[in-house]
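Asker: I would like the atomic coordinates for the input below:
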Amino acid sequence: MQEEPLIEADHLLAESAGQGGIRRVFVKTYGCQMNVYDSERMADALAGEGYRTTESPDDADLLLLNTCHIREKAAEKVYSELGRIRQLKEARAAEGRTLMVGVAGCVAQAEGQEIIRRAPIVDLVIGPQTYHRLPQAIARARSGEKVVETEYAIEDKFDHLPAPDTKIVAARGVTAFLTVQEGCDKFCTFCVVPYTRGSEVSRPVSRIVDEARRLVAGGVREITLLGQNVNAWHGVGDDGREWGLGELLYRLAQMDGLERLRYTTSHPRDMDDGLIAAHRDLEKLMPYLHLPVQSGSDNVLKAMNRRHTSEDYLRLIDRIRQARPDIALSGDFIVGFPGETEDDFEATLRLVDTVRYAQAFSFKYSPRPGTPGADRSDHVPEDVKSRRLERLQSMLRSHQQQFAEQCVGTVMDILLEKPGRKEGQLIGRSPWLQPVIVDAKSSQIGDIVRVRITRAGTNSLFADHWQDIAPIETVRSSTT
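Answerer: Got it, this is the predicted structure:
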């Protein structure tokens, strides 16, 4: 598969009138699913401050960029965007109007004051652990202060955020993200997350269940639990004990109206027996698992500080597949980590050919300042990294297409999520997270319907009209 695309989304706020009339905000999100979730929660916080959404930055009084720092080009993309915003802000000033600009997220956390220095048009910088302070930061910025809020919050930010409003939830769709765990204690040598998101923190069961209930009340039928290492979640349960992610999934699966559960992103070292049992036992837990390995070479895995071997990973995959034979695997791969030899890369290809991922994301190693990998002297030349990435992606694309083609002729249940490109079409999601295009009415968004897959495209499946399908058991064995 091609390099993982950065998520870019514009997030809507509830309508609300503030002092002096309605203000308008435009939020642009870069990066991972957790950033999408964070943007929604920032939206929830701002809705009570008199802001409503605009779909165009040209109409905004406040423009927020929620940023990603995982890869170098993601950070540079933010600075390019700020260059374009500067022209907009200057034009607005010439008209005697004000545009406030804020940068949030991981680039904000990593670079802080440097953003203000490099892009003086920015009025406020706020990190991912302090966005519950966004309304106060905006008030300070309106008084003329250049605000940088990147100190890790002592308080739990979730305690200070407003609960999701069911009307806002309903406007966002029938699927939702729910953060249960933040931060990372693994310190992989290529990764900046421990420095931008901090150490691992888990939310208690009661808070997660309450938020899930509100999402379901707003029409959500599928929830994806989020965490930098989501399967390291260990929150306090209803009984006062510390629960693992498997127990949490069993609890959420009891919720009426919640039909599908997923979680991401997982670390192989935190995949315990209880979580594997949940895959075996819970029909609502979808048979899809994103379990990054990054490399198939033990030498590279050690240099990355992954703290597992390729054989450990393959044994784990075997256990998971024994528990849930129809499960589809997704992964992440980095090619060209410092010191990677041709033999190391060939080991990655062998692992990929053994696992045969239904989907995978792959990219060239990009040194992140402040990480141990960036300080190494044995960096792989760019042309070598490019050749290796092309070979890896060719194999990954082939396996992904084979998995999709195995679905042709099978019957499966899909959750209808949104309109398709053509009138009379909707796009749903298979249990294995593939987009499925089917003829259906817009009033059926949110329905789970049974379809027969007729064709596999490059990135989507196509299905028969669901009303023509007899209610037979979903075919699972042919997708293993």
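
Asker: what stretches of this protein score poorly on pLDDT?
Answerer: 1-21, 71-74, 153-171, 466-480 (pLDDT under 70).

Asker: biggest helix in it, by residue count?
Answerer: The single longest helix within the chain, with elements called by DSSP state H, is helix 382-406.

Asker: Tell me which helix or strand comes right after that helix.
Answerer: Downstream of helix 382-406, the first helix or strand assigned by DSSP states H and E is strand 411-419.

Asker: Give the partner strands of that next one in its sheet and their orientations.
Answerer: When pairing is defined by DSSP bridges, strand 411-419 lines up against strand 425-429 (antiparallel), strand 448-456 (antiparallel).

Asker: Identify each buried residue in the longest one, please.
Answerer: Judged by neighbour count (16 or more other C-beta atoms under 10 Å), strand 448-456 contains these buried residues: 448-453, 456. C-beta here means a position set from N, CA and C on the backbone, and glycine is covered the same way.

Asker: mind listing what Asp61 touches?
Answerer: By C-beta atoms under 8 Å, 6 or more residues apart in numbering, Asp61 lies in contact with 23-25, 51, 98-100.

Asker: In PyMOL, select just the buried ones from the residues you listed.
Answerer: Selection of buried members from the contacts of Asp61 for PyMOL, criterion 16+ other C-beta under 10 Å:
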select buried, resi 23+24+25+51+99+100
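
Asker: quick one: which of the contacts of Asp61 sit in strands?
Answerer: 23-25, 51, 100 (DSSP state E).

Asker: mind putting the strands paired with strand 411-419 in CSV, distance to Gly112 included?
Answerer: What follows is these, written out as CSV (distance: least, C-beta to C-beta, whole Å):
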stretch, distance to Gly112
strand 425-429, 38
strand 448-456, 45
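
Asker: Can you check which of these gets nearest to Glu390?
Answerer: Proximity to Glu390 (C-beta to C-beta) singles out strand 448-456 among these, at 23.1 Å.

Asker: what's the angle between the closest one and helix 382-406?
Answerer: For strand 448-456 against helix 382-406, the angle by axes from the mean of the first three to the mean of the last three C-alpha atoms, to 10 degrees is 120 degrees.

Asker: Any idea how far strand 448-456 is from the middle of the chain?
Answerer: 26 Å (C-alpha atoms, centre = their mean, to the nearest Å).

Asker: next helix or strand past it?
Answerer: strand 461-463.

Asker: Tell me which strands that following strand pairs with, and in which orientation.
Answerer: In the sheet, strand 461-463 lines up with strand 435-439 (parallel), strand 448-456 (antiparallel) (DSSP bridges).

Asker: Can you name the residues that contact the closest residue to Lys364 other than its chain neighbours?
Answerer: Using C-beta to C-beta, 6 or more residues apart in numbering and skipping residues adjacent in sequence, the residue nearest Lys364 is Lys385, 4.3 Å away. For Lys385, the contact set (C-beta under 8 Å, 6+ apart) comprises 335-336, 364-365.

Asker: From the residues you listed, which land in strands?
Answerer: Per DSSP E, the contacts of Lys385 map to strands at 335, 364.

Asker: ok, the contacts of Lys385 vs Thr130, which is closest?
Answerer: Tyr365 (29.9 Å).

Asker: How many neighbouring residues does that closest one have?
Answerer: Residues within reach of Tyr365, counting by other C-beta atoms under 10 Å, total 22.

Asker: For it, give me phi and psi.
Answerer: phi -60, psi 130 (degrees, to the nearest 10).

Asker: correct me, but it touches Phe190?
Answerer: Yes: with contact defined as C-beta atoms under 8 Å, Tyr365 counts as touching Phe190 (6.4 Å).

Asker: anything in contact with each of those two?
Answerer: Common contacts of Tyr365 and Phe190, defined by C-beta under 8 Å, 6+ apart, comprise 334, 337, 373.

Asker: who's the first one bridged to?
Answerer: As for beta bridges, Ile334 partners with Phe363 under DSSP bridges.

Asker: Just want to check the distance between it and Lys385.
Answerer: Going from Ile334 to Lys385 by C-beta to C-beta, to the nearest Å gives 10 Å.

Asker: Now the common contact residues for the two.
Answerer: With C-beta under 8 Å, 6+ apart as the test, Ile334 and Lys385 both reach 364-365.

Asker: Near the residue nearest to Gly237 when sequence neighbours are not counted, how many other residues are there?
Answerer: In this structure, Gly237 finds its nearest non-sequential neighbour in Trp243, 4.0 Å apart by C-beta to C-beta, 6+ apart. Neighbours of Trp243 under the rule other C-beta under 10 Å: 21.

Asker: Trp243 reaches Val205, doesn't it?
Answerer: Yes: if you go by C-beta under 8 Å, Trp243 and Val205 touch, sitting 6.0 Å apart.

Asker: Touching both of the two, which residues are there?
Answerer: Contacts common to Trp243 and Val205, judged by C-beta under 8 Å, 6+ apart, are 235-237, 251.

Asker: List the ones among those that fall in helices.
Answerer: Applying DSSP H to the shared contacts of Trp243 and Val205, the entries found in helices are Arg251.

Asker: Restricted to buried residues, select the shared contacts of Trp243 and Val205 in PyMOL.
Answerer: To isolate the buried members of the shared contacts of Trp243 and Val205 in PyMOL, using 16+ other C-beta under 10 Å:
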select buried, resi 235+237+251
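
Asker: that older thread, pull out the buried members of the shared contacts of Tyr365 and Phe190.
Answerer: The buried subset of those - by 16+ other C-beta under 10 Å - is 334, 337, 373.

Asker: Would you mind measuring from Trp243 to Arg324?
Answerer: Trp243 is 21 Å from Arg324, by C-beta to C-beta.

Asker: Ok, Thr67 next?
Answerer: With the distance defined as C-beta to C-beta, Thr67 ends up 36 Å from Arg324.

Asker: try Gln406
Answerer: From Gln406 to Arg324 the distance is 16 Å (C-beta to C-beta).

Asker: neighbour-wise, which of these two wins?
Answerer: Arg324 (22 against 15).

Asker: got a list of what Leu389 touches?
Answerer: By C-beta under 8 Å, 6+ apart, the contact set of Leu389 is 3, 335-336, 362-364.

Asker: got the contact list for Leu249?
Answerer: 225, 261, 263, 275, 278, 282, 285.
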